[in-house]
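A.B. asks: Could you look at this predicted model? Sequence included:
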Amino acid sequence: MGIRATIKKLYDQFGRAIEPRKLTSRPDEDTRAVVSLNDRWSDYPDFDLAPERLASFLREADAGDPREQAQLWEAVEERNMSVGTHIQTRKLAIQGTEFDWQPSDDSPEAKAAADLVTVWARGIDDWDDIIADGLDALGNGWSIAESLWDYSSGQAWIAAIKHVPAKLCTWANSLTPRIVTSQNSYPGIELEPWKFWYNRFKSKSGDDFRGGLCRGILWCHLFQSYTLKDWISFAEIYGMPLRLGKYPAGASPTDKSALLRALRSLGTDAAGIISKDTEIEFVESMKAAVTNVYEPMIGLMDRYIVLRILGQTLTSSGSDGGGSRALGEVHNEVRGDIMRSDIRALTGSFRRDVLRPLVGFNLGWDVPVPVWHFQTEPAEDEVALATKYKTLVDMGFPVSVEHVSDRFKIPAAAAGETVLRTPANVLPGIASVDQGGGSAAPRPPANGAGDGGNGGAEAIADQATTVQDTALNGAQVTALQGIVQAVANGQLPAASALQLIQVSFPAITKEQALAIVNPMKGFTQTVPPPDVAAAERSGTGTPSAGSAPDDPAQAVIERDTRSLVNRARAESGPVIEKLWQPVKELLASCKTLEEFRDRLLDALPGMDPTDFGNLMQRGLMTAEMEGRFTVAARTGKK
């Protein structure tokens, strides 16, 4: 049937069907858009820019000749700090993003095409320049670059991609853009398929030369430049007294001119000569007059420019009232949407005009074209993810170690390797709950503390092997640690601690409870807080439900439980103070309650609830243990 019958019909960037001969012949290796030295020069349309001139430039562009519009935009990008800075911000958002080349499907042909493009891309050194040239369409509405082909040894390669200045483009007498050069004057040369990369930016529907950001920004620049000139002129004379010259009646024109020259020299040289019959009066200016009329106007135009380029203003300058973290994050998402839109336009046109012929000439025109993929997905917050997993595990939710290892890209420990352990959980023979309802691997006390060193640690490790059915969740382990620490501090007798553990945790045997409490492996004795000691001496605190019990054992348990409650109460003050400190600091820094309300969410990242959560866990477990012991005492359970 022949190649012309088997190849599907292809279209160029303007929807024109590509001739079959363009698919079978070699690519055009000649340089079409030759840029000469004369193209460096500009008409400098920004000099003495006035509303009438700007309107005429835009009308010329509407008629298909955007040369003056393109030259003016180029000058404004250079001279206007706000325009240049924020256009650069929008470009750098893409230039600073990592990218790769991905197959469009899972077929071997698509993977081979992706490998081909990857190898070719490694030979191109100026990708930042290529991306910046493609994003030149943001301001003008379009950008053009020429592919310089090199055909050798049966392989078609793109050696370079050269930008074509926007001022060389014309739509005069044509519905598609043409390039005007010194060798090819009007109407210019046509953009041939596979030879030119044409990227368009459409901020609105219509002609490409009317779709760029420049159309609105140029007016803002004009008004801003007028105001800036007036402000500079005002700043030159601000604070200087008015020099008023008085000449006598009948003074000659020569005398008047001499007086005027003297007045002017006084303003610059502070010296001058006049005749005796003339008089100079200095009138002090009103320094209290309104002088901020210029800055608001310039600021207003600035905000319009930023709004046009970035889609909002908060991420660039902040709100007048100080802004807030929450609003800033929302606005960053808005800018992310703009960046992703720019990437889709950039990569789509590049895939069509550059990658399509590169793959077609080398692998065939039916081979799927790779995708130019930018990694725009936000980085995952691994701290928040780890907190989520910890919460699930503490609740007893079954989570596999293999899943966590794969999720965090952390290899599981191999046999014989030293395993990191959490120093907080040093309860002998007690393991935290695992994904299968059993227990994690038991571990000895930290640093071999107690029983003279390693011997005690080995004994505890042996004891731990018999408690595989006593897996506890995070809250229960925290409560046990609180009991053992209270024993180590001398706040709770060991006998009472044994009774509390046996009643509250029926799965723990007496022998295991002894291994936990006596001796206190891995715990360092601390001094009880003064208010705890005072509470113990005064007998204050939270008593158990009911009146004083007749059972002496119950009285001992209530006393010891009250000691735990008082300890938690003593610790609650500093914990709550630490939790609320960011809010207090924010309140002190705000001038009004409205500002405090708007910025309240800013304090949230500094409020770490970890210590408060641990305190609540210990309090809840203490209440639960007291309740269990009370029930056991009343029912006669020992």
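C.D. replies: Yes, it's here. Computed from a predicted structure; not experimentally measured. Numbering: from 1, shown residues only.
A.B. asks: What residue, apart from its backbone neighbours, is nearest Trp372 spatially?
C.D. replies: The shortest distance from Trp372 to any non-neighbouring residue, by CB to CB, 6 or more residues apart in numbering, is to Thr347 (4.1 Å). Yep, even glycine has a C-beta here, placed from its N, CA and C like the rest.
A.B. asks: doesn't Val369 make contact with the one you found?
C.D. replies: No - Thr347 is not in contact with Val369 according to CB atoms under 8 Å; the separation is 11.1 Å.
A.B. asks: Quick one: mean pLDDT over whatever helix or strand Ile576 lives in.
C.D. replies: Using DSSP states H and E, Ile576 falls within helix 552-589. The predicted model gives helix 552-589 an average pLDDT of 75.
A.B. asks: Stretch 390-402 now?
C.D. replies: Averaged across stretch 390-402, pLDDT comes to 85.
A.B. asks: now do stretch 138-148
C.D. replies: What stretch 138-148 shows for mean pLDDT is 94.
A.B. asks: and what of stretch 37-46?
C.D. replies: Regarding stretch 37-46, the rounded mean pLDDT is 78.
A.B. asks: Not counting that stretch itself, show me its contacts.
C.D. replies: By CB atoms under 8 Å, 6 or more residues apart in numbering, the residues outside stretch 37-46 that reach it are 53, 57, 67-68, 71-72, 74-76, 79, 165, 167-168, 181-182.
A.B. asks: ok, 7 Å please
C.D. replies: 57, 68, 71-72, 75-76, 79, 165, 168, 182 (CB atoms under 7 Å, 6 or more residues apart in numbering).
A.B. asks: Tell me if Ala159 really is in a helix.
C.D. replies: No - applying DSSP: H, G, I helix; E, B strand; the rest coil, one finds Ala159 to be strand, outside a helix.
A.B. asks: Compare Thr347 and Val369 (neighbour count), which wins?
C.D. replies: When Thr347 and Val369 are compared on other CB atoms under 10 Å, the one with more neighbours turns out to be Val369, at 22 against 19.
A.B. asks: What residues does the more buried one make contact with?
C.D. replies: 104, 113, 351, 355-356, 359 are the contacts of Val369 under CB under 7 Å, 6+ apart.
A.B. asks: What residue spans form the domains of this structure?
C.D. replies: Domain assignment for the chain, taken from automatic domain parsing, gives 3-41+61-216+336-374, 242-284, 422-635.
A.B. asks: Just tell me which of those domains ends up closest to Glu236.
C.D. replies: When the domains of the chain are compared for distance to Glu236 using CB to CB, the nearest one is domain 242-284, at 9.4 Å.
A.B. asks: burial of Arg340, as a residue count?
C.D. replies: Counted with other CB under 10 Å, residues neighbouring Arg340 total 13.
A.B. asks: does it sit in a helix or strand, and which one?
C.D. replies: helix 325-350.
A.B. asks: After that helix, heading C-terminal, what element do we hit next?
C.D. replies: helix 356-363.
A.B. asks: And the residue located most distally from the centre of the chain, what's its pLDDT?
C.D. replies: The C-alpha centroid of the chain is most remote from Gly250, which lies 75.7 Å away (CA atoms, centre = their mean). Among the per-residue scores, Gly250 holds a pLDDT of 78.
A.B. asks: mind checking how far it is from Lys256?
C.D. replies: 11 Å (CB to CB, to the nearest Å).
A.B. asks: centre of the chain versus stretch 377-384, how much separation?
C.D. replies: Mean C-alpha position of stretch 377-384 versus that of the full chain (CA atoms, centre = their mean, to the nearest Å) differs by 11 Å.
A.B. asks: Next, the distance between the ends of that stretch.
C.D. replies: 17 Å (CA to CA, to the nearest Å).
A.B. asks: Where among the domains of the chain is average confidence lowest?
C.D. replies: When I compare the domains of the chain, domain 422-635 is least confident, with a mean of 62.
A.B. asks: if we can go back for a sec, what's the separation between the residue nearest to Trp372 and Ala17?
C.D. replies: Distance from Thr347 to Ala17, counting by CB to CB: 24 Å.
A.B. asks: same deal with Gly211?
C.D. replies: Counting by CB to CB - Gly211 and Ala17 are separated by 25 Å.
A.B. asks: by contact count, what packs against the helix or strand harbouring Asp302?
C.D. replies: Assigned by DSSP H and E, Asp302 belongs to helix 294-310. Applying 3 or more CB pairs under 7 Å, 6 or more residues apart in numbering; DSSP states H and E, one finds that helix 294-310 contacts helix 81-95, helix 214-237, helix 314-317.
A.B. asks: Next, the angle helix 214-237 makes with it.
C.D. replies: Counting by axes from the mean of the first three to the mean of the last three CA atoms, to 10 degrees, helix 294-310 lies at 160 degrees to helix 214-237.
A.B. asks: Show residues contacting helix 294-310.
C.D. replies: Here helix 294-310 has contacts from 82-83, 86-87, 89-90, 213, 216-217, 220, 223-224, 227-228, 230-231, 234, 313, 316-317, 335, using CB under 7 Å, 6+ apart.
A.B. asks: quick one: average pLDDT of that helix?
C.D. replies: For helix 294-310, mean pLDDT rounds to 89.
A.B. asks: so can I have TSV of the domains of the chain showing distance to Val401?
C.D. replies: Output for those, formatted as TSV (distance: least, CB to CB, whole Å):
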stretch	distance to Val401
domain 3-41+61-216+336-374	31
domain 242-284	82
domain 422-635	7
